[in-house]
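Asker: Below is the sequence, then the predicted model.
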Amino acid sequence: MSRKSIQLDEQVYRYLLSVSLREAEILKECREETAKHPMARMQIAPEQGQFISFLITLLHVKKALEIGVYTGYSSLAIALALPDDGHLDACDIDPEITTIAKRYWSKANVAEKISLHIAPAIKTLDRLIEDKQNETYDFAFIDAHKPEYIDYYERVLQLIRPGGLIMVDNVLWSGNPADETIQDEDTVAIRLLNEHLHADDRIMLSMLPVADGITLAFKH
């Protein structure tokens, strides 16, 4: 038996989904619409969305933060798992693509749980810090502009409470960070983030080969 993570070929992946995925119909609709979009590769995998919902429920999250909304699949997964009095601050820079997200939030009756901030995420995070929101969030999901990942992380770490959880997406980036000959901006940024988190004693760390790689950072 192999001691390393299993390689998911198409057959194994389909099997995984067939026996584990419990995707709400509204999430499926959002995912299928997004699949027709020119930038559909930005969509998280359905099993990742389910894992996010699982963590939200397991950790009794009431206040969450999202960096990167796109068409709203991940924010929908978060909001559906939040309690009735839960809240999500969702950050994005694109007012056009997020109209799709808002449509699905309304259809799922979770729009009142979500505040959408259309601005560069760093500015939004800085404003939340200025508004004395430090250590008030239970969970954060980072999936946005890769060259700013460390900047997002450092701000989010201030906003997350001790015992809170940060999830960072795309940390394996199709395997590119492992190849030192690949030096494009996004790959270098993710490589630096991974090294930064590995050396950060403020968190407990776990990187998982789920979808394009996710890192879970638990704040001490």
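Answerer: Happy to help now that I have it.
Asker: How about the secondary structure of residue 180?
Answerer: Under DSSP: H, G, I helix; E, B strand; the rest coil, residue 180 falls in the coil class.
Asker: gap between the two ends of stretch 154-168?
Answerer: End-to-end distance for stretch 154-168, by C-alpha to C-alpha, to the nearest Å: 12 Å.
Asker: what's the answer for stretch 82-89, then?
Answerer: So stretch 82-89: terminal residues 12 Å apart, C-alpha to C-alpha.
Asker: for that stretch, which positions count as buried?
Answerer: By neighbour count on 16 or more other C-beta atoms under 10 Å, the buried set for stretch 82-89 is 82, 86-89. C-beta coordinates here come from the backbone N, C-alpha and C atoms, glycine included.
Asker: Kindly report the same for stretch 155-175.
Answerer: In stretch 155-175, counting by 16+ other C-beta under 10 Å, buried: 155-160, 164-173.
Asker: Looking at the residues you listed, which is nearest residue 38?
Answerer: The closest of the buried residues of stretch 155-175 to residue 38 turns out to be residue 170 (C-beta to C-beta; 18.5 Å).
Asker: Give the full set of residues in contact with the closest one.
Answerer: Counting by C-beta atoms under 8 Å, 6 or more residues apart in numbering, residue 170 makes contact with 143, 146, 190, 212-213.
Asker: roughly how far apart are residue 46 and residue 172?
Answerer: Noted for residue 46: a distance of 18 Å to residue 172, by C-beta to C-beta, to the nearest Å.
Asker: quick revisit: ok, so of the buried residues of stretch 155-175, who is nearest residue 139?
Answerer: residue 165 (5.3 Å).
Asker: Nothing else from me, thank you.
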